[in-house]
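Trainee: would you be able to build a 3D model of this:
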Amino acid sequence: MKTNIVSTLFIGGLLFTSSYGNAQKTTLEVDASKTVAKIQPTMFGLFFEDINFAADGGLYAEMIKNRSFEFDKPLMGWEQPKSNRSSMNKESGMALPVSIAANNTNFCRVEINNDKGYALINEGFRGMGVKKDAKYNLSLKAANPNGAIKKIIVQLIDKDQKIIGETSIVPKSEQWTNYTAQIIGTQTEAKAKLKLTFEGTGTIDLDMISLFPEDTWKGRKNGLRKDLVQLLYDVKPGFLRFPGGCIVEGRTLSDRYQWKKSVGNVDERETKMNRWNVEFNHKQTPDYFQSFGLGFYEYFQLSEDIGAEPLPILSCGMACQYNTGELASMDELDPYIQDALDLIEFANGAVTTTWGKIRSAMGHPKPFNLKYIGVGNEQWGADYIERYKVFEKAIKAKYPNIIIVSGSGPSPKGEHFDYAMAELKKLNAELVDEHYYESPKWFRENAGRYDNYDRKGPKIFAGEYAAQSVSGANPNNRNNWECAFSEAAFMTGLERNAEVVQLSSYAPLMAHEDAWQWTPDMIWFNNLESYGSANYYVQQLFSTNKGTDLLKITKDGKALIGQNDLYASAVKDVNSKEIIVKLVNTASESQEISIDLKGAKLGSKGSIIRLSSPNTQDENTFAEPKKITPKQSEYKITKGNQQLSLPAYSVTVLKLKIN
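Mentor: Take a look at the predicted model:
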């Protein structure tokens, strides 16, 4: 006789009801004899947006903020501790921005009256991360009229003004000249600054003052931050979507992301204010700008490095509808459409083409093999559909094999969503981007969301999602374990519906500990360290175990979408010769599982990879970055059904070798 126990408890403001038998196991049937659908290599990927200082101050390893004096306030990020604008500064000096109207660029003119009293200091991105014995490559441009300044002394200083690295440059030319030098850190410091002092009195002009760690990803000069790219690489993502979502649209059309301004020589790329600079009252960041040192070429290169399909998203002529909602009229769309066509040529064109030649000159003669392009981010309404049609016609006419990503708006339901899905279905849209920032409960309750989607309709890109522990865009959201395992429950539903869902990605990807605008986020970093959240490890578990063929897994003939607080999906990997079963237990008690696998001859060995934590509010932190991380153990395959226990609040991946 089965004894049934029902427990009810409140956790994090949510009601959990768990029903389980204390003696009877839940039996799941897996049919390995038939492939339901092929799992797309793009099934689980990454969504990068330049929010939370994810590019400048994050992935892009530049340590100097406002290196070329192009911010709206040209000296933002630069300090002159012994200077005063209202003084003659006879005992120090003064830096003044100079604007060149002809090419709309700025540089800094430094007038030094007393070289013993003057200093120019850059604060970095909430400081600079310096490591003991690490090498840092300095570069700058200088013009030294009359040879008045004999030497530029460059020092890294800690929070107590102590020198922790030093070099110098002798500016010999009156003309603009590039100078380089190297600094070696003498101690580790997360909040270092760069200090410039001078020998001599008079005037010197400075521009493009830059500092990069020598140890970048793949050792590329002035490249990407190694630890952050490693975290991306370790996910083994199927795709990389860039440069973001709302960042694409702009608050107005004039400040939208324009990819052509992000390629070519880095020092000629136009600096712009980041739209997240003023987006939220709870986190104003007036010093958040885009240097575009991380531009479209670098995004394509990064995609290639981490083995991901590049998925660029472009403006469709509509500014963010949460802001101005400014529209380019239909007869003004040509430049936007041309941007899309030219981007495909930049990525895929021969070196003899206009944009292929530019790609080649930047260091990549071979095409990037772009297969996808997104039109708009999360626009809604008839204006979007009208513009999408024009883009689709133009792109398909010239590049019929490019897959176009369309959008269903910012929400997973409602009139805008319903309208978009109906219209896009009429247009035989290939891939529709759906977004959902909802409660953990919503994710658990919607594991069956795609079970009844039309198998002959548009394929789905679950392009932005993350469980919100409090509410959408709330600064108090946490990357807690309840959010992560609820996302895992939902992801079993994405995988079970691989006939429909072909791409998916958590969002946002990264956040600086001291300079974020939005939570939760998948990866957290400061100037020295980084870690993956529990949500990161859920994504990694699914991506590195996605398999090649979808299998049917049921309980009493039905998909497991929360019965007894259990969720499941199953795949076969023809390459590794494994059956892989993913199991999520969202109950507050452990549960016993029996798996009846038919249609495959099992070997003798397997493995279990498990994510679990006893408290729904647990999370990874800088103090405990590995608090919730996968633990792997051997599993001995038995004759008959496979038996295992699922801990409370756990995500389990069972891998069974097949002969």
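Trainee: pretty sure A420 sits in a strand.
Mentor: No. A420 is assigned helix when assessed by DSSP: H, G, I helix; E, B strand; the rest coil, not a strand.
Trainee: I'd say it and S408 touch.
Mentor: Yes. Because the distance of 4.4 Å satisfies CB atoms under 8 Å, A420 is recorded as touching S408. From N, CA and C alone the C-beta is placed, and that goes for glycine too.
Trainee: what touches both of the two?
Mentor: Counting by CB atoms under 8 Å, 6 or more residues apart in numbering, the common neighbours of A420 and S408 are V432.
Trainee: residues touching K577, list them.
Mentor: K657, I658, N659.
Trainee: tabulate those (a markdown table), appending neighbour count and pLDDT.
Mentor: Putting these into a markdown table (neighbours: other CB atoms under 10 Å; pLDDT from 0 to 100) gives the following:
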| residue | neighbour count | pLDDT |
| --- | --- | --- |
| K657 | 16 | 97 |
| I658 | 19 | 97 |
| N659 | 8 | 94 |
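Trainee: which of these lies closest to V229?
Mentor: K657 (32.3 Å; CB to CB).
Trainee: what bits of the stretch 551-659 of the chain have low per-residue confidence?
Mentor: Scanning the stretch 551-659 of the chain for pLDDT under 70 picks out no residues.
Trainee: which stretches of it form strands?
Mentor: 566-573, 578-585, 591-598, 602-612, 631-636, 642-646, 650-658 (DSSP state E, counting those that start in this stretch).
Trainee: output the contacting helices and strands for the fifth one.
Mentor: What that stands for is strand 631-636. strand 602-612, strand 650-658 (3 or more CB pairs under 8 Å, 6 or more residues apart in numbering; DSSP states H and E).
Trainee: quick one: buried residues of it?
Mentor: Y635 (16 or more other CB atoms under 10 Å).
Trainee: start at 45 instead
Mentor: Understood, numbering begins at 45; the last thing we discussed is strand 675-680.
Trainee: and it, which strands flank it?
Mentor: Strand 675-680 has its sheet partners listed here by DSSP bridges as strand 646-656 (antiparallel).
Trainee: so which of the helices and strands packed on strand 675-680 is the most surrounded?
Mentor: strand 694-702 (a mean of 22; mean count of other CB atoms under 10 Å).
Trainee: in its sheet, what does that one sit against?
Mentor: Strand 694-702 is paired, per DSSP bridges, with strand 622-629 (antiparallel), strand 646-656 (antiparallel).
Trainee: so where's the chain uncertain?
Mentor: 45-68, 145, 148.
Trainee: quick one: the helices in it?
Mentor: With helices called from DSSP state H, the chain shows them at 270-277, 290-293, 340-349, 378-392, 398-405, 426-442, 459-470, 484-489, 525-540, 578-587.
Trainee: which one is E430 nearest to, not counting chain neighbours?
Mentor: M374 (7.0 Å; CB to CB, 6 or more residues apart in numbering).
Trainee: OK, contacts around that neighbour?
Mentor: Taking CB under 8 Å, 6+ apart, one finds E430, R431, V434 in contact with M374.
Trainee: redo that, cut-off 10 Å
Mentor: Contacts of M374 were listed using CB atoms under 10 Å, 6 or more residues apart in numbering, and they are G361, D427, E430, R431, V434.
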